[in-house]
Every structure is written in C-alpha cells, then in structure tokens.
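> Show me how the following folds:
(chains A, B, C, D, E, F, G and H)
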Protein chains: 8
Amino acid sequence: MSLDTLLDEYEAGRITRTDLKRKLVHSSFADAGCAKIDHHRELRAGGPEVVYCEGKTPEQVAAIFTEIVRHSGYALGTRASQEHHDAVGKFFDARYDCVSRLLCVGTPPVDLTGKIVVVSAGTSDLPVAEEAAGTAEFLGNRVDRHYDCGVAGIHRLFFIMDDLADASVIIAVAGMEGALPSVIGGMVSPPVIAVPTSVGYGANFQGLATLLAMMNSCAPGIAVVNIDNGFGAGFMAHKINKRAVTGAV
Amino acid sequence: MSLDTLLDEYEAGRITRTDLKRKLVHSSFADAGCAKIDHHRELRAGGPEVVYCEGKTPEQVAAIFTEIVRHSGYALGTRASQEHHDAVGKFFDARYDCVSRLLCVGTPPVDLTGKIVVVSAGTSDLPVAEEAAGTAEFLGNRVDRHYDCGVAGIHRLFFIMDDLADASVIIAVAGMEGALPSVIGGMVSPPVIAVPTSVGYGANFQGLATLLAMMNSCAPGIAVVNIDNGFGAGFMAHKINKRAVTGAV
Amino acid sequence: MSLDTLLDEYEAGRITRTDLKRKLVHSSFADAGCAKIDHHRELRAGGPEVVYCEGKTPEQVAAIFTEIVRHSGYALGTRASQEHHDAVGKFFDARYDCVSRLLCVGTPPVDLTGKIVVVSAGTSDLPVAEEAAGTAEFLGNRVDRHYDCGVAGIHRLFFIMDDLADASVIIAVAGMEGALPSVIGGMVSPPVIAVPTSVGYGANFQGLATLLAMMNSCAPGIAVVNIDNGFGAGFMAHKINKRAVTGAV
Amino acid sequence: MSLDTLLDEYEAGRITRTDLKRKLVHSSFADAGCAKIDHHRELRAGGPEVVYCEGKTPEQVAAIFTEIVRHSGYALGTRASQEHHDAVGKFFDARYDCVSRLLCVGTPPVDLTGKIVVVSAGTSDLPVAEEAAGTAEFLGNRVDRHYDCGVAGIHRLFFIMDDLADASVIIAVAGMEGALPSVIGGMVSPPVIAVPTSVGYGANFQGLATLLAMMNSCAPGIAVVNIDNGFGAGFMAHKINKRAVTGAV
Amino acid sequence: MSLDTLLDEYEAGRITRTDLKRKLVHSSFADAGCAKIDHHRELRAGGPEVVYCEGKTPEQVAAIFTEIVRHSGYALGTRASQEHHDAVGKFFDARYDCVSRLLCVGTPPVDLTGKIVVVSAGTSDLPVAEEAAGTAEFLGNRVDRHYDCGVAGIHRLFFIMDDLADASVIIAVAGMEGALPSVIGGMVSPPVIAVPTSVGYGANFQGLATLLAMMNSCAPGIAVVNIDNGFGAGFMAHKINKRAVTGAV
Amino acid sequence: MSLDTLLDEYEAGRITRTDLKRKLVHSSFADAGCAKIDHHRELRAGGPEVVYCEGKTPEQVAAIFTEIVRHSGYALGTRASQEHHDAVGKFFDARYDCVSRLLCVGTPPVDLTGKIVVVSAGTSDLPVAEEAAGTAEFLGNRVDRHYDCGVAGIHRLFFIMDDLADASVIIAVAGMEGALPSVIGGMVSPPVIAVPTSVGYGANFQGLATLLAMMNSCAPGIAVVNIDNGFGAGFMAHKINKRAVTGAV
Amino acid sequence: MSLDTLLDEYEAGRITRTDLKRKLVHSSFADAGCAKIDHHRELRAGGPEVVYCEGKTPEQVAAIFTEIVRHSGYALGTRASQEHHDAVGKFFDARYDCVSRLLCVGTPPVDLTGKIVVVSAGTSDLPVAEEAAGTAEFLGNRVDRHYDCGVAGIHRLFFIMDDLADASVIIAVAGMEGALPSVIGGMVSPPVIAVPTSVGYGANFQGLATLLAMMNSCAPGIAVVNIDNGFGAGFMAHKINKRAVTGAV
Amino acid sequence: MSLDTLLDEYEAGRITRTDLKRKLVHSSFADAGCAKIDHHRELRAGGPEVVYCEGKTPEQVAAIFTEIVRHSGYALGTRASQEHHDAVGKFFDARYDCVSRLLCVGTPPVDLTGKIVVVSAGTSDLPVAEEAAGTAEFLGNRVDRHYDCGVAGIHRLFFIMDDLADASVIIAVAGMEGALPSVIGGMVSPPVIAVPTSVGYGANFQGLATLLAMMNSCAPGIAVVNIDNGFGAGFMAHKINKRAVTGAV
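Below you'll find the model as predicted:
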C-alpha cells in the first residue's frame, strides 16, 4: 500500500490513528522480557518468528514460546536442547527431534503441494540436513530426503535423478569438498540451495573450505547459505516453494 | 524418465540404441573446437548454455555463438567486450550492453509474467546489478530495477516497499558492509538472492567482507551467490520465478 | 604543562627534584606485586586505571583494587567473576553485575549530563552491551539502553529515533552481519561507536565477519572498537561525552 | 519529534500532507541521473552529502556537484582527480588538493572553535592524513597537523604533547605496526580516532596488519576507521568536535 | 650404496678421492653464472634439472640450457616466453608451445609404455593441463588428454571412463569448485594427482578455494600439487608411471 | 567395459536386466541403516570401503563393519576409539592400535612386494605416521618406518638414504616448518607423498603453515594430502605401489 | 673441519673408520625409545638438546632426561608440567618453575658476563617472558627483567632506558598491538628479539595480530620468533650474547 | 646517561637549558621539508638514519640525502631507483646497485672484523640477498655470499659448512617452502636471521607461506624479519656482529 493511500484511509476514518501508527512502522511487537517478539513478521516477511534457542535458558525459551503461541498458535525453535523441550513441554504439546534439534509447537495453517528435496553427502551431514528438512516440513512443505549421496560415489545420484528433477527446489547439504550442489545443478533443472557443513578436518577450517567451494560452483542456479545453517536453507526453500505452488505473487 | 521405462522403450524398439546411449548419459554435446557445447542443458538444467567470454578470443566466442545459435536460435554471453560483440556481430544481429557486458543473440521462447526486482546499494554496484537484470530479462523475465538504495539512507527503501513485496524473488546487490539483503529480508516476504560486490576499499578485501556479512545475515530467506556474480543471481532468480509463474513442477 | 614551565617551577624551588623527575616521566606508579599501577592515568589519559580481571587470581585482583581504591577512592574491574567479587568484597563495598561482568568500588566524582545511548541488535549481544553501558555509567555518564533492535526488523529503530538523535554519542552493538551502526549512522546525527560481537556461527569466525562489515560501513561518522570490547566502547563514549557536556578543551 | 506529535501537527493543519510525508520518510532526495542526492542528510545525519569521486566520470561528478551546490551552496568530493576538478571547475570556483585528493566548492556555515589534531607516523601516510585534515577543515573545524612522528622515534611525540592534550579529538594516522594511537592514547586524554594506512610491504597485507594492531590497542579511548579512510576519520572527528564546542546535544 | 661400501671402494683404490668426495656429498654441480646446475639430479632425484624461466632473462636461460644440454643432450624449460625460445633457438633446435609455455631441447632416452591421462574441467584450465601433459611427454610418457569435462556436466566423464580406468595415473586439472578429482577418484581406480588452477573470480582467491576443496576430497587416492603447477603434476605422474611400467624399484 | 559391449551382452542375454541396471549405474550398495555401503568400490575405485569412525556410535560402527565383512571378509576403520573396538570385537576378531587409531578385521587378499617407506620428522607426528603405515600394511603393502628424522638434524636422513632410494613411494610426515618432503625429494628418486600434521603452536594454525610450506616445495615429485590425513597418504601410496609391483595397468 | 682435512686424518690413521663415519654425518645420536637424542648438537648447533615436554608422558620425559643427563650432566625441558617434574625428580635433583614451565637438571659449564634484558608489556605476558628469561639463565647468561612496561604508559620505559641500552641483546615480549619492540628499537641500540604472545581477545586471533605488527615494525634491528615462543627467544639471545661476550667467532 | 646525572650537569651549569631540553627528549632532529631527520639515531639506536626511497620523488630523496650527509658524511637509501641515483648524484659521489637497489654515499667510520654470511636458496632470491649483504657492507661488516643453495639439493650446503660455522651471524634468504634456515640452524652454531622472500606462485601468497614456515622452524636460534626485508636483516646482523667483534656492551 502506498503512503498516500494509507493517509487517505486514515483521513477517511477507515483506519484509526492506532492502526495508522502500527502500519506506519509496518509492524508491532510484544515484549517477552529478554526479547521483543515480532508478531507481524509472518505477514511482512513471509514466515513466523523463529526462536534460536542456543544460548538462551530453558525459562527464556519457554517465555518466548508462550508469547508466540498465545498469539499465533504455533512456534518453531532451532538448536534446542532436551532441557528447552522440557521447559516448553510444561505449557504446550511440544515435539522435539534430537538430531535436527528442532522444537515445534502446533502447525502453521499452510499446506503446500510442491516438493522440496533434501540431499546430503555423508552421514555426518545428517543433523544439518534434518534441520533443513524439519524446518521446511514445519512450514507446511512436502519434503523428500536422500542422504549419503556424496560425489565420491556419483552413481548414487543417478538412482534419484527423477526425484531431483521433480522438485520445486533442492537443498544440497555437504561438507568436505562440497561438490554435491555443482553436480546436481549440472544434472537437473530446479534451483539449488547449497548448505556447507563443518564436517571435515585438517584444511577444512570448520566448513570454510566447503563454503568457498560452493560459492565457486561452475553450475548456475545455485545460491549458498551459511555453514551448518540448515534452518536458513529450509526457510529459503519454503519461500521459493510457496511461490511455486501458489503460482505466487 | 526412470531407467526401467527407458529400457522398456529401447526393447520395444521405440528408441534406437543410439538414442538409448545418448539418453543414458543424459545429454549430448557438440564440439566448437575449444569447448564442448552442451545442447541438452536447457532441458536438463533449466537454462541455455551461457558463454563466459572473458579470457576467450573474439574468434573463439564467435565460433561458440555460431554453434549454439545454429542449434537453439539464441545465445547469451557474459563479461563480453566490444571486440567480442564485433566478432559475433558479423554473423548475427547481436545486442551488447557495455555496463552489464552482456552479449545477446535472439530471445528464448519463454515469457514469464512473475516479476524479479533488482535492488542495488550504490552507483558503483551498477554493472553487477545490470548483469543480473539483463540475464533475467534475456531469459524471459520481467525485471524492475531500483538502484542507489543503500542502508545508509534507509528511508529510500520505504518508497519502494510495495514493489519489493510484489516480487517473485528479489536480487539485492551491495558492496561495502552488505547490509541491504538483511534489511530487505526483514521488511518483505519474497526470497532474496544476495550478491556481494567487490566495491569498497581497505578492509573490504575485494568483496570478502561483504560476502561474509551477507552469509551472516540475521534475516531468514536469504541465499548468497559469488562476489560480483550478477549472472549467477539472474539465472537463479529466473529458475525461481519460472516455477512461481508456472505454478511449476 | 609545557617543559619550560616545569623547569621554571623547579628552578624557582616550587617543586623538588624528586617531583621534577616524576613529572618529567609524566607519571608515577605504585607496585601491587604483579602489576604496576598507574595513578596518574586519570590526569594524563582521561580516565581511571581499569583492571582487566580475566586471567588474574582473586587475590591478585583484590590486591590491585586495594592499591587503586586507597589512592583514588574508586575502581573498576572488567571481565570479573563471582570469585573476584568475593575477594574484593572482603575489603570494600563492591558491586558486581553477572551479565556485564563489571566489578565496581566507589564512584568517580564526575557527573556528566550528556546522554550516551547504547543500542544492541539481539538478545545475545546483551553482555557486551551491558559492559559498555555499565562502564559509561561508572564513569559518570547518563546511559539509555535499547536492546533487541536488529536490522532484520528495521521498524524497531523508528520507535527510538528521537532518543537516538538526542545522544552525545551512540554505541551500537551487533553480531552477525553487523549492519546496525550503518543504519543508525544514516538515520541520525551523533557519532557512532560500533562494537562487533562474536555472536554468530558458521562463517562468522568469532566476530571477524562482523568487524569487517562495520569497518566497511558506507555511513560516515562511525568508528569501530575490538570484537566484544564493550568496555572500550564505553570508555571511548565517556571521553566524547565528557568533552560534549563540558564544552570541553 | 515523536510520531504522535507529528500526526497532531498534521491534523492541526500546522504541516501539510506533503510535509508530513517528507517527515515520515525522514528525508527527501533529488535525482542527478546516476545517483540519488540526499539533501536532508545534513539535518538528519550531521553532515553534508559527500561525493566519492573515484570510479565516476568527470561529467557524473560535475552533475552531482551542480545538484548539491545548487541546493546547499557547498560540496565536498573525495578521491578526486585533476579531471574531476576540471569538470567541476567549469561551473564553480572549485578548490583541489592533489595530495589529499579533496575537491571543495564553497564552505559550510559552521565555524567550530574546538581543535582537531592530526598526527601521522611517516611521510608516506601524508595523503591519508591530509584527507582527514582537509575534510575536517572543510566542515568548519580548526585543525593542527603534526606529521612524521612515528613510534620508532618516540621522543618526537614529547615535543607536541601539550598540543595533543588540548585537542577535542585526535586523529592518529599510521601504517606498518600501527602503534601510534596506543602510545598517544596512553599519554594524553582526548579520544583518539585511529586510521590504519596501507603503507608497508611484505606481511603488511595492504594495511590489514596495521588495522589488526590498532584494533588490539591496549590503551582505552581509541576507535578505528577503515584502512586509508582519511575522510571517515575527518568526518567522525568533526561530529565529536561539533558536540564538544557547542556543549552539544 | 651404503657408506661402508663406499669407503671400502675408496680404500681398495677403485674410486679416487675426488670421486669419493663427490659421492660423499652425493652430487656435483656446474656453474652457469647465475645458477648452479645439478647434473646428478637425474640419477639422484629421478628426473632432469628443469629450468623455471619466468623472471630470468633470455640470455640467462640460454646459458643454463647450453650448460645442461652440453652435459645431458636435452633440457626442459617451464613458464618460458617466445623471447626465451628465440634466445635458446640460436644454439639448439628448440621446440616451444605457447599454450603450455614449455620449451624443449632434445629428448630423454626414456620411453615408457604406461599411460598418463590428463583431464581438465574447463577451457580456461588448458594452459595448466598442457603444461602437465607436455612435461610428462617430454619425460617419455604416453599421455591421453580429455579437456572440458567439468562436473557441471557430469555425463561427459562417462564417455571417457574406460580410458580413465586404464591409466597408470590420472592428472585432474580444475579451477572454481575443484570437484573433478573427487568425482574421478570415486569412479575409477588409478591414483589421482589433483591440480588446482587459479581460474575463477570473486571468492576464489586465485585458486585458494579450489586448493582447499581438493585437499578436502572425500575420495581416497588423491594428492594435490600447488595452484597452477602443471609441471609439478606432470613430473609426479612421470615418477609414478615410471615405477608402474618398469615394475620398478 | 564400454557402453556398447555392455548393451551387446544384455541383448545377447548374457546378463539380465537387473544386472544391466546395476552395471549401468556402475555399482551397487547395501544399506546399514545410517550409511550406504559401497561393495563395488574395490573393483571400481581400487580399494575397500573404509569406515571413518569418529562421530559414529559404537553400534553404528559395528553395524557397518558387519555389513562390510559379511560381504568381503575384511574391513578397515580409521579414527576409531577403544569403544568402537569393543563393539566390533563382539562380532569379529578385530585388531585395534591406539596410536594410529586403526581398527582392522581380516586381511585383503593382496600381498604386494614393493616397499613403502614412511618417514616422520618428530615424535609428535607418530600417530599420523602410524595411521599411514597401518593403512598401507592392511592393504597388503610392505612398510618400512623411520621416525624422528626432522630437518633440524639433517644428518639423520643420511643414515637411511639407501632405504629411501629403494622405495616404490615415500610418505613424509612432518609438522612445524614441513621441510622434510623437500629435503627427501631433493635427495632420492621415488615419488613423495607429503602429510602435514597439526603439530606446532603459535603461528602454525593447526597445520596450515605446514600445509602451505609443503605445497610450495621447490623439489618436484611431491604431492600433498590433507592435514593429519595419514589414512589418505597410506591409501594413495598403496595405489601407487600396487601399480609399481604389478607392472600395472 | 674441511672434508679434505677429515680424509687426511683418516688416511693418516689419526681417526678410525668409525670416527670418520660419525664425523661424516657430523653427529651421533642415542635412542631413548621414542626419540633420538642428538648428543653432538651442542658442538654442532651451539646449544644443548632441549626437551619439548608437552604431549609427552612423564615416563617418556624421564627417559629422555636420563639419556641426556647421563651424557652431558645437564638438561632443559620446556612446557613441562608438575607431573613431568615428579617423574624426572625421581632420578635427578630437578628444578621446576610453574610460571615459565621450565624443568632444569644441572647447569651447563658456560658463564657469560654479557647481559640479556627481558622486557614485557603486561602481567599476562609473564609466563612467556619467564620462559625466555629462564632459558637464557639456564644457558649461563645474566638476565635482567622488566615487566609491565607496555606502550600505553610509555613513561615506564624511560626509567629503565639505561638498563636497556647496556644489554647485549633485548627480548621484548608483548601481546595485543605488539608495539613494545618498535618503541624500544627506536630508543636504544642493542638488537631486539620480539616475542608476540597470544594475550588478547577479539581480533587478536591468538597472537596473529601481534605477530604481524611486530613483523611490520618501522624500527630496524628487530627480528621476531613464533607466538609464545619464549624458549626460542631465550635461545636466540643466548647465541647472540655468547658471541658478544667472547668477542666470538 | 641517567636522569640524575643529567640534572646534576644542568644545575652545575655544564649544560644549558636548551641542551637539557634537547637531551630530555633524548634527541634532536632537522627538517628536510617532507621528513624529519633524526641525527641522534646513530648514538641512540645503533645505526644511521636510512632512507626508504620507494614512493618518494627524486627531489625529495636528494633533499633528505643532502641533509643527512651534511651532518654525518654518509647516507644509505633502500629500494632506490636509477632516478633517485641521478638526483642524488648531482650533489654527491653516490654508488648505486640495480640488483639490491641500494644507494650509498660515503662510508660510516666502523670497520668490523667479524663475518656475516648471507646464504640464499634460489637465483630469484638474489635482490633480497643483495639488499641484506649490501646493507651490512655499507655499515662496515665483512660479508660472505653463498647463493643458490636451496634445500632441494641439500648437498650444496655441505660444501660451505665450514664457512657457515665461522660466521658471527648468518642471514638465510629463501622463498617457497622456506626450509633453508631450519636446515642451517640444525647444522651449525651461529644465530640465524631468516628472510622470507615473495618468490613463488600459487599457494605462496606473496611470501606468507614462507614466513609462516620460518616462524615454525623446529631448529632453535632463528628469528625472522619481514618478507623481502633484506635491509632489516642486514641491519639486525650488523647490530649482532658489532657486539660480537667489539666484545660489546
């Protein structure tokens, strides 16, 4: 809505000053003690406020969840521990997965039909891949998983080629030399979100080598998120899939 | 097509052995002397073969264009010079833009209705932003441009908020502290492709500082391409938009 | 005092040779066993000697505090633990804050009227922000705090714009992409001291990405202190505010 | 001004809708073709819009200068060349200094009485030191210069100690080991803005070694700007001095 | 030869003291003015002395070639220019290749039957691949070349799989994400020497990203040489092939 | 086998469609729950599937070993702990070495006569050197060890020169300045695999300094594996030696 | 001794073949199980074999000490723990200092009159400074210590200037910005050995910032040893002082 | 001279107040326009003021030389060009060497008998080695040169072992893997100053790899100067040798 329209509506009395002010700053937010909660994020930025649990106490996480769920009916926590689960579980029927470390309460009303495919290179990439897959599922997407498909055994990818080609978007999770997104990007058509993991040793430098390799991919149609950022990949994939299945905009 | 279907078709005589072999390796490619040209890329990987012109002689570029255009009717060259244009222009009606350094022949048959919005922070980011915009346009996308909207004057972004919110996908191009994608990602809903540029001096390290900042964005729904890689951003955006407007998959 | 004046005073017998010698080297210092304490720092360098407690034993810290407080009546310790507090508390009425890890005894006689505003991006930046705020308060400044105002929800900054514009100096504390100082520096007039924090993961590299981003800010009127160096920011802000409120020099 | 006050004034008819809109986005900007010019920056961000000339054509710079000077009566360009001077000189009485590469038209109405002292370590740091000094002078500050005062001859600093102690703010410019700000910060009271230069060779890495050294200074009251960023240091010093001499806020 | 045997031979008069001394230091070397030439390298270290021409004048290269060829009948220069060729060509029948920049005089007496396969990812890797291939050929190896086989079109590698499987040793040359050696190492059995090239831009950092990726390969049987070091790869491959075909040791 | 031969065999009925499909993807693999096991790796890639134990639970490792040993009769685990040994030992007669952390079951049928020599610089390099030696021995190679032969006492290398000269391939393991491979490569003829270790402190950066030094070796005939990657060096040496002793290909 | 002289002596029967062989390799060494001990190092390389204790078991250290002391009567261990002391103390009258972590048995016969001055910047640099001082003292040098003399209080250095000027060689130990060696090197004449320490936080990177700063010192007559390498500095200073006081060579 | 002595002399009238003031700041300096010249450096810091010519105009260099030579009778310029030589040659009988790029006028009165040995690894290290050797010679030292003695042909060092053992101090200049100082430090007794050069390519990073390798040397008695800093090494060696031959202090 343009600024003029907004002022017209206000002057015409169709919105109150309170509404105007809220719209002018384009959002509102509650206060859960240690963190401001941004209830308009979903409308504004295409997804719910997500709680990064690491470094927060179980009590803080429970308070933030309570505030969010009370408002919207569902909430997602990342990098959560069993202790966070226990604290939140006292108030809500919470689901916790110890591999992806995702903590979920409720389900958003979205139910998308397009498919997100998550591919990972090695067994050690599992937690990051699951964080991506679990995030996308929580946000209402259908997710297919194919793990342990690294490029050192390239034939494994051929078995899943049809599934890859069908995806709205592919999330490729890999550590070490990080070649998986390049190979996939050269084989099939969907956009690929590359997630470098910190799996490796020696000259890997906690995933930096993998990140740089993915950045330098010779296949177009690839973009990269931060090291081990499964959540970010799942969220980005959700945004892309949402537009794909709604024929969006 | 699954492996079984393919073998069934071969055994039923519906495809020849030659066809089978070609399909088995999932592609075919011609030879333009110095480079193998991959004519099936469009089917397989969602976009035409694109020629990276830098470091190739005008004659090499002309030969590769000839091979590609003869097969598909159109071709795109990136990082092209006027000399490349002159060489290709002898054979085709070629369009060259000296800011984006894109060299185009013909037009792909795609005509997508979804909109890609390209935003850039400073005037120095123009060549990269134009490479992204021009690539997306060549591939059949509608593109809106908003330049010189850096975060040091954050109010500029508010004027274009509605346009941003309407996009299928946003390409955010910035150098220096690279905060533009974060701010946009926190304001509106579409997925954001962040392009760091090598604009800056001192501790910028040819865009590395910008790349790292974008990688560390606190706003979800952002993925990053290589420094100055306008082409890669335009191509990725095309893939996302294509699925959005076709309600794809 | 100029060299000539000093020598004049000495020759006129107004100061002794001992005094002269001490003044010539421009200071004097006591010895608390493991550390030389610099009692003239306040006159010479604009602030009291501050004790960096990390890596020192509780006994060492108590001894140094004793020496300082005996001389000036007040002292400040940074990166202090509860154990340091206990040891110092045996001798003085000491105040300890476990978030900022500041340990204070007494109050300097300064009471400045200008205002320092401390803004932080996320809840995880709290300890660094509090170290900055607490340091500035101990040194006699009035401090306003605005936390959880990161750029991924840029509208939050608009609520506090008037407060920001009123400051003598702003301290902007942020991790991850570190865009907060740029956005503030583009919105309001006061000088901004940027403090990168080591909050983040993956390609953050313990705050290096944030530091580089802040260094590359496109908004003028920003200078940067070391990663997590809340104390340094608070001290620098104090120096600036002191001159502002005294119409200094 | 708070949001409510602003709306009150608008409803009371004391400001027009046009004014309201401008205030709401907190600025306005003109368009000089390739760059948006931000005329409210001075009110909003404490200083005039400054033109970074490097990478712009003489014609572009002349157009931007014309737009700015027409509005405010004065303008400053940094990293300017003789060609930029020639182009701007056709329209205005422009002053150009080939060491600092500053290009000035007119003079802002500010005339500050506080003093900024610029100290540099070696003769090679001259261009950066002059960019800092010239920027501060253009903005109306009194500037003292002391060059070639590196720490390898520490006695040189003692001759200028009184002058350093008198400053509102000190700008310390150094390359190589970058120790100058630490030494000054330990000797005198004013806040110090440290400017690393890219002077050096071998393991200097274009100023990175110097930047890191300054970041790690053991003297409090120091903040750092980007490598070779004399302009940034001069502007920051101006903001600090302006508050000091006006007893600001 | 053991030390005892050597001394026995000397005492038995079968070798002179001069011989003994030469053998004791395990070599001898001539002096071509600016460089000591090591004629025993071939016996001692498994290959002839090779001249790194870059940074040497044509006259220096000619003098060194003269000294080497006079002694052994053949010589190899790397990173040579046309000028080096002209200078050496005055004295010998020299062969120069402007792509690999190798300069050859004569042919070593070795003629190995095992096969070295050189694979490269892109057309830009050609000079490095040719330096590797040309070096190995000069040293008497049979070399097969397969260029433009990057992983973004993985199907290309399947056409040459049999040839790869037959090799004594494979040299895999790639820039950008450097995934080629991993994919080959997972497909076929021979040892792979990986050569990162400095081809790429942005976050490639002149081949560092590629080098790190290759170092982190998840496929065993891969070792890496320096960036762009085609010569080193060719020489290493020669040593491996030599042992393979002679059933060596 | 070429694609045509394979299709001929299929059409002639000599292989079933199932076989054809398996061969077309060039492998088969079993599923041990968390990891796909690649039984054709030995035929395809010249060595058995090796289990990287670190980060896997004892139960996972036991399951993977069971699957592998059941198929081939032997298996190798790297970076194993005593707990892994205990878990595997319940099912097989397993050998564990706590220095190299290798865990072995059974013996591959290969018995190579060529010799691999492992040289290490310091006593701290022992675990990496033993990982290399143990890996090569498990794969059927004869291995000679010479430890504590660093370049700071260069005379030590002269005692073992004859042994070095006899090797099929040399593995040189060193930390700190990493000069051992250069010195050996200049003394004797066999190819050298250099293994940087993370031994060192200060500016060693966990082996990066050593890795870079080895990459920059001025002696040809050297290639480098990842930091601390004893397994990778042993495996690469095995591949080279296997070809040497079989007069391979 | 030249090679000819050695052979003359052997042929004249003045040395046996055994002696000759030992001399030819220029040393001899014993074997203490896990480490070769180099008894001729003192003659050859100007100092005793020193035991780096970290990472060795108490039993290993005791065995190596036994071997060394049995041969020369004294030994020095660095980075030793109390456990190492206990183990060695069972066999010898050993001295252990828990700050420098040096473990000494006996005293070398050298007693040098020249003076080494060790200066350190902060109290946290103490362990490294003491490692340097203790090493030099063990090797027979007279050592003066001046601690807590960092450049942020430059006046402290003036009190000790005469002592500094008298030294044979100065060891300057500092963390953070590492400016101490530059300032000393500009004040007095003796050669300065700079020791960066890993003291600092944020952008210090475990001493890398300090190391780079020292490398870039603008004062000549400075050379640098590795981060925290107090032993290396003490040993280097010993070598320089030994030549100074013996009027050496 | 101690502070007390100085004040005694002043009070006794033996020195004037002017003298006292000058002595108090411990030096005096002249002004050659763009640079302050430090005439007391020789007394204070053990060597003459040296002019770093790169980046200065011929006229500036000539003015500085004039000022220095007029005062002391001799001067040294480093990184000088032929143009600098021409400008200085108009006033003095100047000697210029185009390899080391040293520019000398006159000779200091020192004539030291101890010997400095400069060893370099490759022919490309020549300019740096000559800068070291020429600097030391200008300062009055006897210098022996041994070039092209890299570790890839370790036997070359054995020919010069006696000469190395005789030195007061050794300067070891090397690029690439930088192993030369370690090998020399393990062979002979004198202190070694290591000079990394920027010779190399690929992963050398303009000498950083070499610098790190030298920093990590496992041989004690080595300290390192900046990359390509032949002057610094020559000056440091002079300071050490001066003390050695004068039985100094």
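> ok, the residue nearest to residue A:55 when sequence neighbours are not counted - how many residues close by?
Closest residue to residue A:55 in three dimensions, ignoring its sequence neighbours and counting by C-beta to C-beta, 6 or more residues apart in numbering or on different chains: residue C:124, at 5.5 Å. Bear in mind the C-beta positions are built from the backbone N, C-alpha and C, glycine included. Look at residue C:124: counted by other C-beta atoms under 10 Å in any protein chain shown, it has 20 neighbours.
> Which single residue of chain A ends up nearest chain H?
With distances taken as C-beta to the nearest C-beta, chain A approaches chain H most closely at residue A:203, which sits 10.6 Å away.
> who are the neighbours in contact with that residue?
A:209, E:212, E:215-216, F:207-208, F:211, F:226-227 (C-beta atoms under 8 Å, 6 or more residues apart in numbering or on different chains).
> now swap in residue A:10 and tell me
When contacts are taken as C-beta under 8 Å, 6+ apart, residue A:10 is in contact with A:17, A:19-20.
> could these go into JSON lines alongside secondary structure?
Conversion of those to JSON lines gives the following (DSSP: H, G, I helix; E, B strand; the rest coil):
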{"residue": "A:17", "secondary structure": "helix"}
{"residue": "A:19", "secondary structure": "helix"}
{"residue": "A:20", "secondary structure": "helix"}
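> My read is that the residue nearest to residue A:55 contacts residue C:198, right?
No: in this structure residue C:124 lies outside contact range of residue C:198 using C-beta atoms under 8 Å: 9.5 Å.
> Find residues that contact each of the two.
Counting by C-beta under 8 Å, 6+ apart, the contacts common to residue C:124 and residue C:198 are residue C:175.
> part of a helix, is the residue of chain A closest to chain H?
No: Residue A:203 sits outside any helix when classified using three-state DSSP, being coil.
> Please report phi then psi for it.
The phi/psi pair for residue A:203 (degrees, to the nearest 10) reads phi -80, psi 30.
> Spatially nearest residue to it (excluding sequence neighbours)?
Counting by C-beta to C-beta, 6+ apart, the nearest residue to residue A:203 once its immediate chain neighbours are dropped is residue E:215, at 4.4 Å.
> For the one you found, give its distance to chain G.
In this structure, residue E:215 and chain G are separated by 21 Å, where distance is defined by C-beta to the nearest C-beta, to the nearest Å.
> and residue A:169, what is it in contact with?
Taking C-beta under 8 Å, 6+ apart, one finds A:116-117, A:190-193, A:237, A:240-241, A:244, B:240, B:243 in contact with residue A:169.
> Try it again at 6 Å.
A:116, A:190-191, A:237, A:240-241 (C-beta atoms under 6 Å, 6 or more residues apart in numbering or on different chains).
> mind listing which of those residues are in strands?
residue A:116 (DSSP state E).
> just the contacts of residue A:169 now: which is nearest residue D:86?
Nearest to residue D:86 out of the contacts of residue A:169 is residue A:191 (C-beta to C-beta; 49.0 Å).
> can you count the residues close to the closest one?
Number of residues near residue A:191 (other C-beta under 10 Å) recorded here: 31.
> what's the closest non-adjacent residue to it?
The shortest distance from residue A:191 to any residue other than its chain neighbours is 4.1 Å, reached at residue B:239 (C-beta to C-beta, 6+ apart).
> One more: residue A:208?
Counting by C-beta to C-beta, 6+ apart, residue A:208 lies nearest to residue C:203, which is 6.8 Å off, once chain neighbours are set aside.
> and the gap between the one you found and residue D:85?
According to C-beta to C-beta, to the nearest Å, residue C:203 stands 42 Å off from residue D:85.
> Model confidence for residue A:198, exactly?
The pLDDT attached to residue A:198 in the predicted structure is 91.
> Grab the nearest non-local neighbour of it.
Excluding the flanking residues, the one nearest residue A:198 by C-beta to C-beta, 6+ apart is residue A:207, at 3.8 Å.
> residues contacting the one you found?
A:196, A:198, A:227.
> Filter these down to just the ones in strands.
The strands, defined by DSSP E, take in residue A:196 from the contacts of residue A:207.
> Most neighbours among the contacts of residue A:207, which one?
Each of the contacts of residue A:207 was scored for neighbours by other C-beta under 10 Å, and residue A:196 scores highest at 35 neighbours.
> Identify the residue nearest that one in space, chain neighbours excluded?
Here the nearest residue to residue A:196 in space, its sequence neighbours aside, is residue A:210; by C-beta to C-beta, 6+ apart that works out to 3.8 Å.
> From the domain annotation, what segments belong to each domain of chain A?
Residue ranges of the domains in chain A are recorded as A:28-105, A:116-246, according to automatic domain parsing.
> Backbone torsions only: list them for residue A:173.
For residue A:173, the backbone dihedrals (degrees, to the nearest 10) come out as phi -110, psi 120.
> show me what contacts it?
With C-beta under 6 Å, 6+ apart as the criterion, the residues that contact residue A:173 are A:120, A:125, A:128-129, A:195.
> Check the separation of the first and last residues in stretch A:221-234.
Between the opening and closing residues of stretch A:221-234 we find a distance of 17 Å, counting by C-alpha to C-alpha, to the nearest Å.
> burial measure for the nearest residue in space to residue A:142 that is not next to it in sequence, as a count.
Distance criterion C-beta to C-beta, 6+ apart; nearest residue to residue A:142, sequence neighbours excluded, is residue A:115 at 4.9 Å. Other residues near residue A:115 number 21, with proximity taken as other C-beta under 10 Å.
> And the lowest mean pLDDT element among the helices and strands of chain A?
Taking mean pLDDT, DSSP states H and E as the measure, chain A has strand A:30-31 as its least confident helix or strand, at a mean of 46.
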